[in-house]
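Enquirer: structure of the sequence below:
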Amino acid sequence: LYVGDLSGNLNVYEKRLGRRVNFVEEDGAIQGKPLIHKNMVIYGTSEGKIIARELDTLKLVYTKNLGSSIESEVYPYKGRLFVHLRNHTIAALDVKTGKILWSYKRAVPFLTTLNRVSVPLGHKNAVIVGFADGYLASLSIHDGHIIWEKKLSLAKKFLDIDLSPVLVQGTLWVGSLGSDFFIINPKNGVTLRRLMH
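Expert: Just a heads-up that it's a prediction; the model follows:
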């Protein structure tokens with residue numbers, strides 16, 4: 001079991017007895033759940049670093065500084081690693097090497113936000129993610145251009161789309177703590193149903 005903590009430790013616990021068998025110290029808190037991907041554990045820090053280590057030895061495979069705090073888990077999809085940064089940027093990296101492939105920076109106005117981020121979700125050749133400006137967007141996994149975007153939250157404050165989108169039987173379910181819940185067609189962003197809260 002691999003668990004990060006706010007002191008900057010990545011801890012490895014034995015499953016059966018729960019005792020710590022290994023750890024490594026990082027600069028910055030580890031807030032998101034570490035990702036186990038093939039023979040690596042991958043996670044982000046509050047200092048904006050993506051770190052990949054070997055599962056068995058915790059030997060460093062790569063580290064990249066993305067320039068802004070990483071407070072949620074990272075998401076692997078089709079050989080890429082998608083990271084939602086605190087500064088409203090989505091970064092796409094090669095999951096094996098950590099090479100930065102592209103980034104998409106969202107211009108978010110200075111509104112009252114919850115300062116949380118949603119975890120991206122892969123669908124076909126897109127990654128779908130909610131932003132602090134109340135929009136849900138579908139970005140191309142190849143170059144980060146917008147395929148479609150839709151304003152979901154009409155709240156005056158706390159309009160963040162901070163709940164991670166989920167696919168259920170081919171439809172996209174997503175919402176916001178400050179607004180309604182939506183069932184959306186993931187291909188084009190069309191609202192299929194709106195559930196009032």
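
Enquirer: mind listing the helices in the protein by residue range?
Expert: For the chain, helices defined by DSSP state H do not occur.

Enquirer: give me the below-cutoff pLDDT ranges for it.
Expert: Scanning the chain for pLDDT under 70 picks out the ranges 108-116, 154-159, 177-178, 197.

Enquirer: tell me the centre residue of it?
Expert: residue 119 (3.2 Å; CA atoms, centre = their mean).

Enquirer: so who does residue 190 touch?
Expert: residue 184 (CB atoms under 8 Å, 6 or more residues apart in numbering). Heads up, the C-betas are built off the backbone N, CA and C, glycines and all.

Enquirer: residue 13 too?
Expert: With CB under 8 Å, 6+ apart, residue 13 has these contacts: 1, 2, 3, 19, 20, 21.

Enquirer: so the fifth one makes contact with residue 5?
Expert: Yep, that's residue 20 we're talking about. No - counting by CB atoms under 8 Å, residue 20 stays clear of residue 5, with 11.0 Å between them.

Enquirer: overlap of the contact sets of the two?
Expert: Common neighbours of residue 20 and residue 5 (CB under 8 Å, 6+ apart) are residue 11.

Enquirer: quick one: which of the contacts of residue 13 has the most company?
Expert: Highest neighbour count within the contacts of residue 13, by other CB atoms under 10 Å: residue 2, with 20 neighbours.
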